[in-house]
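Visitor: got a structure for you, letters missing:
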C-alpha cells in the first residue's frame, strides 16, 4: 500500500500502524456522587481548577501527583500492610488468580472483575502483593492501589484515578497523550478531594478511556493537538472518533502482548468513602458491559461488607472466598519457614537446640497450627509474640503462653498490650495511636502529647508484635493490622485498654498547644502545614476533626482551657476567619455545657464576624452558616423569640443550597434545618414544616447506609420525628416504622456502647405508646426489659427519669396482671429516684 503517493518534501519522524475496526466510541460514565456526611477537615490543598499550559509539558508524574506509597512497589516497612507470601504458602490461591489474570478474554460473558473476600487477617493483602509481583515478573502490565484505614489519603478514594493513571503510563506509555488531553479539557480531574468531577468521571477519563484509546489505535497526536479543545474532548470522551491516516496492521501495544492489563485494588473495605466505592464498582461494571473484549482485568480484595457485597454480587464478577484457600498446610509451611530462619540467626535458640534438640518440637508446632486456625495475621502476630526481643522471657518460655492464648486476635492484643501497661504514659500513647486521624512518627506523637520521644519508644518497643515501630524517626508508627484499631475503640473487647472518645478532647487541646507554638513564633503570618514539624502540621490540619469527635464530651475545665488557648491564637492572628471560627466553636460548646447566655451571645457574635469575612459565595461559608443557625435555634429555645428561629431557618437553608445532597458536607445542614423546622412546627402547627423535616431526615439516612458510623444517629432521629408525627396524626404506619428504626439503631450500638441509651430509651417509650393504644402485653414486657437495662447501665445522667419510667411501666403491668412483686419493685424504684434527686440537689 502506497501511503505517501504523490507527496513532496515529506518528513516522517515516526510511523505507527494499527488495525482499527469500526468506530471508536468512548462513553462517559457519570454516576451521582454521595459522600460521607461527616467528613473530617483535611489539610488545605492547592486548587486544581486551572492547570497552566506550560505544566502540560512537564512529566506526567508531576502532572498527576499520584500517591507514591499506595502501590505494590511501596516500601512496605514504611507503608503498611507489610504482608507478603512466604515461599511455599498460598500457592493454590495465587495460582488461580494468576491464571485468570493472564488469560485472554474470549467471550462477552467472561468476568473482567475478580473479588477475593475473606475475614480480617486471612492474608488478602499478601496475596494481592504476590499477584502484582508475579504479573510484573511475567512481563504483564499491572497497576495497584492498596487502601489502608487511617493512613491519610490512602483511606480516601479521590486520588485513586490519578494514582492508577500514573502507573498505567509507566506500564503502557501509549496512554499518556490521551490522559494529557483529558486533563487539559478538564483540569478538575486532578482535584485531590471531592471538589471536581465525580469519581466515575475521573476513572472514565483518566483510566478507562485512555486505555481503550491506546488499545484500539493511537490518534495522530499532532492532528489531535490542532483540533479545538471542545472537539477533541467530545471525540475522546463522548462521541465516535474516526482514525484517519493510519496504516492497516496489528496493534502495537507491546505491554499487553503477554496478557491483559491488570488493576489490583486491595483492602477496598478500608476506604472511608463508601458511597464512592459503590460508584467505583458501578462504573466499572458499566464499562465492561459496554466493552466486553477489552484486555483489562480488575482484581479486588476486601472483607465482606454490605456496601461492597451489594454491588459485587453480580454476574460480571468472579467471586472467590479466601476461606476456601486457607489450609493448615499453608500455616504449617509458614511456621516452618519463620522458625527455621529464627534458628539460623538467634543465638538463644541455637544454644537451646544444641542442648535439647529440635525447637519447637513437632508436637508444639502441630498444636500451634490448630490453635491459629487458618489466620495468617494471627500466625504472624503470634510468631512475633514468641520471638519478641524486648521480652525478659526466652522464646522457649513464651511458646507455652502462646498456646494458652485465647484463639483470635483479641487475646493476642490483650496479652501483648499488658507488657507495657505499667509504663509511664501508656494509656495516653495507645489511645493517641488508636484515635489519630493520620499516623505520626514517634517524635510527632511525643511532640503532640508534650512528652519525650524516648518515652513513646519505651512503650512501643514491647508491642512490635502488633504495632509497626520504624527504626527511623521520619516514618509513621502504624498498626500491623487495622483490626487493632477496632479492638481499641470497642470497649466490650478491649476493656481496660479502651481508647475512650473523651481522648479526642485531650488531643484537641494538645493540637491547640502545638498550633500556638508556631503562632507565637510567627504572629500575624500565614502558616502552611508543609512548613512545620509533623506534629504541628497535624495540629493545623486535624484539630477541628478532634473537636467534632469530642463534641459533648468536654468537662468545664477543658472548655475553659480551650477558650483561653483560642483567645490567644485570635490575638496573635487578628482577623483570621479560621481562628475566629475555632474560638466561636469552643465558646458555643461551653454555652451548651453550662447554659450560659453570655457564652451563647459571644458565640453568635463571633459567627457573625466570620460570615462578614466570608461573604457569599465564599466556599468556606457553610460551616459558620450552620453553626450560627444552630446557635440561634438554641437561643430561641431559651427565650422563645421567633425572630431567632426564622433567621436560623434562613441561614440553614442558605447553607444547604451551598452543599445540597449528596455533597459530603450536607449532613449538618440537613440535620440543623430539620430540627429548626420541627421546632417551628411545635410553635405554629404548620403541617408543611413537619413534612419537610421528616423528608430531610430521610434524605440524611439515605446518605448513611450500613456500615456508616453515624447511621444509628440518623435512625434514631428519623424514628423520633415519626414518633412525634404519630402523636400528632395517629398514623399507625409512623409508629410501626419508628419501632423498626429504633430497633436497628439499638442493634448498631451493642452494650456497653455509650450511645446505646438514646435509641434504647426511645424504643422503650415507643413500646409504651403502643401498649397504651393496643393493650398488647408483649409490647409492655419488651419495654420493661429495655428500661431495666437503662436503669442498670453506667450512664447516670438520666437514671432518675429511667427509674420513674420503669416504675410507670411496672404499674401498668400490675394493673393488667396483678403481679404482687411489681409493687415491691415500684416502691424500690421510687425510693431510688428520690435518693438520686436529693443527692443531685446537694
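Guide: Cool, the structure landed. Predicted model, so just to flag it, every value in this text is computed and none were measured.

Visitor: tell me the mean pLDDT for stretch 489-505?
Guide: Stretch 489-505 carries an average pLDDT of 90.

Visitor: Also stretch 699-716?
Guide: Here the average pLDDT along stretch 699-716 is 88.

Visitor: Equivalent analysis for stretch 175-192, please.
Guide: Computed over stretch 175-192, the average pLDDT equals 92.

Visitor: longest single helix anywhere in the chain?
Guide: helix 820-841 (DSSP state H).

Visitor: now for that helix, which elements pack on it?
Guide: Counting contacts by 3 or more C-beta pairs under 8 Å, 6 or more residues apart in numbering; DSSP states H and E, helix 820-841 packs against helix 799-817. For every residue, glycine as well, the C-beta is placed using N, CA and C.

Visitor: what does the longest helix of the chain rub up against?
Guide: 791, 796, 799-800, 803-804, 806-807, 810-811, 813-814 (C-beta atoms under 8 Å, 6 or more residues apart in numbering).

Visitor: Mind giving me the ChimeraX select for those, buried ones only?
Guide: To isolate the buried members of the contacts of helix 820-841 in ChimeraX, using 16 or more other C-beta atoms under 10 Å:
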select :791,799,800,803,804,806,807,810,813,814
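
Visitor: Tell me the buried residues in the longest helix of the chain?
Guide: In helix 820-841, counting by 16+ other C-beta under 10 Å, buried: 822, 825-826, 829, 832-833.

Visitor: re the thing from before, can you name the two of the contacts of helix 820-841 that sit furthest apart?
Guide: 796 and 814 (26.6 Å; C-beta to C-beta).

Visitor: How is residue 140 classified with respect to secondary structure?
Guide: coil (DSSP: H, G, I helix; E, B strand; the rest coil).

Visitor: so what's it scoring on pLDDT?
Guide: Taking residue 140 on its own, its pLDDT is 92.

Visitor: What does the closest residue in space to it that isn't next to it in sequence show for phi and psi?
Guide: With C-beta to C-beta, 6 or more residues apart in numbering as the criterion, residue 140 has its nearest non-adjacent residue at 4.4 Å, and that residue is residue 259. Main-chain dihedrals, residue 259, degrees, to the nearest 10: phi 150, psi 170.

Visitor: burial measure for residue 259, as a count.
Guide: 20 (other C-beta atoms under 10 Å).

Visitor: For it, give me its contacts.
Guide: By C-beta under 8 Å, 6+ apart, residue 259 lies in contact with 101-104, 135, 138, 140, 295.

Visitor: Most neighbours among those residues, which one?
Guide: For the contacts of residue 259, neighbours tallied by other C-beta under 10 Å; top is residue 135, 27 neighbours.

Visitor: Residue 99 is in contact with that one, correct?
Guide: No - here residue 135 lies out of contact with residue 99, judged by C-beta atoms under 8 Å, at a distance of 11.7 Å.

Visitor: Give the closest residue to the residue most central in space within the chain in space, chain neighbours not counted.
Guide: The C-alpha lying nearest the average C-alpha coordinate of the chain belongs to residue 272 (C-alpha atoms, centre = their mean; 2.3 Å). With sequence-adjacent residues excluded and distances taken as C-beta to C-beta, 6+ apart, residue 272 is closest to residue 155, at 5.1 Å.

Visitor: wait, that neighbour sits on residue 269?
Guide: No - using C-beta under 8 Å, residue 155 makes no contact with residue 269, being 10.8 Å away.

Visitor: Mind pulling up the pLDDT for residue 42?
Guide: Note on residue 42: pLDDT of 31.

Visitor: By mean pLDDT, flag the weakest helix or strand of this structure.
Guide: strand 24-25 (a mean of 30; mean pLDDT, DSSP states H and E).

Visitor: The following helix or strand past it - contacts with which helices or strands?
Guide: Of the helices and strands lying after strand 24-25 in sequence (DSSP states H and E), the nearest is helix 60-64. Taking 3+ C-beta pairs under 8 Å, 6+ apart as contact, the helices and strands that helix 60-64 lies on are helix 160-171, helix 176-185.

Visitor: Can you give me the buried ones in helix 60-64?
Guide: Buried, per 16+ other C-beta under 10 Å, within helix 60-64: 60, 63-64.

Visitor: Off-centre distance for that helix?
Guide: 26 Å (C-alpha atoms, centre = their mean, to the nearest Å).

Visitor: Next, the buried residues of the helix or strand following that helix.
Guide: Sequence-wise, the next helix or strand downstream of helix 60-64 (DSSP H and E) is helix 91-102. Residues of helix 91-102 classed as buried by neighbour count (16+ other C-beta under 10 Å): 93-94, 96-98, 100-102.
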